[in-house]
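Peer 1: structure here, sequence nowhere to be found:
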């Protein structure tokens, strides 16, 4: 049974940068359970009734807002903040987009696309007709106040931030280094599901209610994010029969781009998907992984598409 939260933090209590100068909005004791209500990554600029016109007017200065910061009594620089991820509850809708100038293949997808996914309270997510993805909600952004700032909330860093790590689902435990008194944790960027890599730049972006437990660890020292991943209830699907495309070359990013391009080509060839739809599916349901990094001069990056997602 989920422990009742010590505090509930509303979605209007957000900030738009990682900055030690931002004062905590609440202070909690060791072991406190905190419930966050979060807007989607657009800060409420996009919703289930939007389309490409609204996407094109997106104010990037407002994206990836985070709710907080919450200070934890007893946390001091050099400590570790243990964040037990207890529950994630997405909304009944989410959006995925190709945003001009953003994403792994931004130069190859200059035209915008906006896709809305409707989601029930349980079960798989029907991303597109004939394509069902595993429900695996998490928050893309979790971090503490950095050593110095202000810093953008868009990239990840040693203090956490926009890690977009799909394994940080409920049941996982995240460890972040503490740089400021109280640690000052903030959370945002709800995802209903995502593939490793989030290659088009968006997952299924959704408002989220996130519940976490916060514990200061003076016996654990980390210098960047580390985590204990929960067992994946979708492991059989994700690691079962898959079609995979390799990218090979002397540049790791170039190999990742090649693997993604080839997966987009395969989805078009085999499943009749448009390039934009295939690109978005790669972001939300395909896992991009390093397969080989030691046999220079070439690296190998592989994109894996679970075949079980196709009805």
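Peer 2: Perfect, thanks for sending it. The structure displayed is predicted, hence computed values, not measured ones.
Peer 1: which residues of the chain score low on pLDDT?
Peer 2: Flagging of the chain using pLDDT under 70 yields the residue ranges 1-2.
Peer 1: tell me where the stretch 101-250 of the chain has strands.
Peer 2: 113-118, 125-128, 131-133, 138-143, 156-157, 160-162, 173-177, 185-191, 208-217, 226-228, 242-249 (DSSP state E, counting those that start in this stretch).
Peer 1: winner for burial among those strands?
Peer 2: Of the strands of the stretch 101-250 of the chain, the one with the most neighbours on average (mean count of other Cβ atoms under 10 Å) is strand 185-191, at a mean of 28. Heads up, the C-betas are built off the backbone N, CA and C, glycines and all.
Peer 1: and the angle from it to strand 208-217?
Peer 2: Counting by axes from the mean of the first three to the mean of the last three Cα atoms, to 10 degrees, strand 185-191 lies at 140 degrees to strand 208-217.
Peer 1: now for strand 185-191, which elements pack on it?
Peer 2: Secondary-structure packing of strand 185-191 (3 or more Cβ pairs under 8 Å, 6 or more residues apart in numbering; DSSP states H and E): strand 32-38, strand 66-72, strand 80-90, strand 138-143, strand 208-217.
Peer 1: so how far is the fourth one from its chain's centroid?
Peer 2: Its chain's average C-alpha position is 6 Å from that of strand 138-143, according to Cα atoms, centre = their mean, to the nearest Å.
Peer 1: tilt between it and strand 173-177?
Peer 2: For strand 138-143 against strand 173-177, the angle by the same axes, to 10 degrees is 20 degrees.
Peer 1: quick one, strand 138-143 and strand 66-72 angle?
Peer 2: With the same axes, to 10 degrees as the basis, strand 138-143 and strand 66-72 are set at 60 degrees to each other.
Peer 1: and what of the last one?
Peer 2: Interaxial angle, strand 208-217 versus strand 66-72 (the same axes, to 10 degrees): 30 degrees.
Peer 1: now the strands of the stretch 101-250 of the chain in CSV, with distance to residue 284?
Peer 2: Putting the strands of the stretch 101-250 of the chain into CSV (distance: least, Cβ to Cβ, whole Å) gives the following:
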stretch, distance to residue 284
strand 113-118, 8
strand 125-128, 6
strand 131-133, 6
strand 138-143, 12
strand 156-157, 19
strand 160-162, 17
strand 173-177, 22
strand 185-191, 9
strand 208-217, 15
strand 226-228, 21
strand 242-249, 15
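Peer 1: how many neighbours does residue 45 have?
Peer 2: Residue 45: 17 surrounding residues under other Cβ atoms under 10 Å.
Peer 1: ok, residue 263 to residue 70 distance?
Peer 2: Going from residue 263 to residue 70 by Cβ to Cβ, to the nearest Å gives 39 Å.
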